[in-house]
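**Q** model this:
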Amino acid sequence: MKKRERHHLLQELIKENVIEKQEDFVRILEEKGIEVTQATISRDIKELQLVKVPSQTGGYQYSLPPDIQYDTSKKLERLFKDAFVSMDTQDCFLLIRTIPGNAFALGSLIDTSNFDSVFGAISGDDTVLIICRSNEEALQLKNHFIQLI
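**A** As a prediction, this is how the structure comes out:
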């Protein structure tokens, strides 16, 4: 299982279950047939910036931080309107240029949005290179982003 898929699954598990400790993640994932170590879960918790909050049972449970519970599509739209410079495709690649200092945030939002057509994204200071799964999906994603502008 890829890290992005695992991160998405962990976020879903938090929404559906009371997760009090890292071992709970490991156990639930094993029940789903996904082998993962406690060390991997620990790294995932740090990367996802999960926090512990009081639970109704009196203990503590993992929760998403407030800024991860936001609607990524709205942030993506706002960032495109504020920082977009240009965009072009070549084969399965989509290159987006932004105002300097905005590409990393855009790439992060694209990763967080979990677009099925996106294989991966690489961000610099003012450029995001998105690798799509096919030429057609790169064009579709470009058209989707154009609608946000």
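**Q** could you use CA atoms for every contact and neighbour count after this?
**A** Will do.
**Q** the most centrally placed residue in the chain and Ala105, how far apart?
**A** Centrality entry for the chain: nearest residue to the mean C-alpha point is Thr112, 1.8 Å, by CA atoms, centre = their mean. Look at Thr112 and Ala105: by CA to CA, to the nearest Å, they are 10 Å apart.
**Q** cool, and Asn17?
**A** Relative to Ala105, and taking CA to CA, Asn17 is found at 30 Å.
**Q** check Lys52 too.
**A** Lys52 is 25 Å from Ala105, by CA to CA.
**Q** check what pLDDT the residue of the chain positioned farthest from its centre gets.
**A** Distance to the chain centre peaks in the chain at Gly58, reaching 30.9 Å (criterion: CA atoms, centre = their mean). pLDDT, the model's per-residue confidence, is 84 for Gly58.
**Q** quick one: residues contacting it.
**A** Gly58 makes no contacts at all, as judged by CA atoms under 8 Å, 6 or more residues apart in numbering.
**Q** doesn't it fall inside a helix?
**A** No - assessed with DSSP: H, G, I helix; E, B strand; the rest coil, Gly58 is coil; it does not lie in a helix.
**Q** look up how far Glu20 lies from it.
**A** Distance, Gly58 to Glu20, by CA to CA: 11 Å.
**Q** helices along this protein, start to end?
**A** 3-16, 22-31, 38-48, 72-83, 103-113, 135-148 (DSSP state H).
**Q** and the angle from the last one to helix 72-83?
**A** Relative orientation of helix 135-148 and helix 72-83, computed by axes from the mean of the first three to the mean of the last three CA atoms, to 10 degrees: 70 degrees.
**Q** what helices or strands is helix 135-148 leaning on?
**A** helix 72-83, strand 84-90, strand 93-98 (3 or more CA pairs under 8 Å, 6 or more residues apart in numbering; DSSP states H and E).
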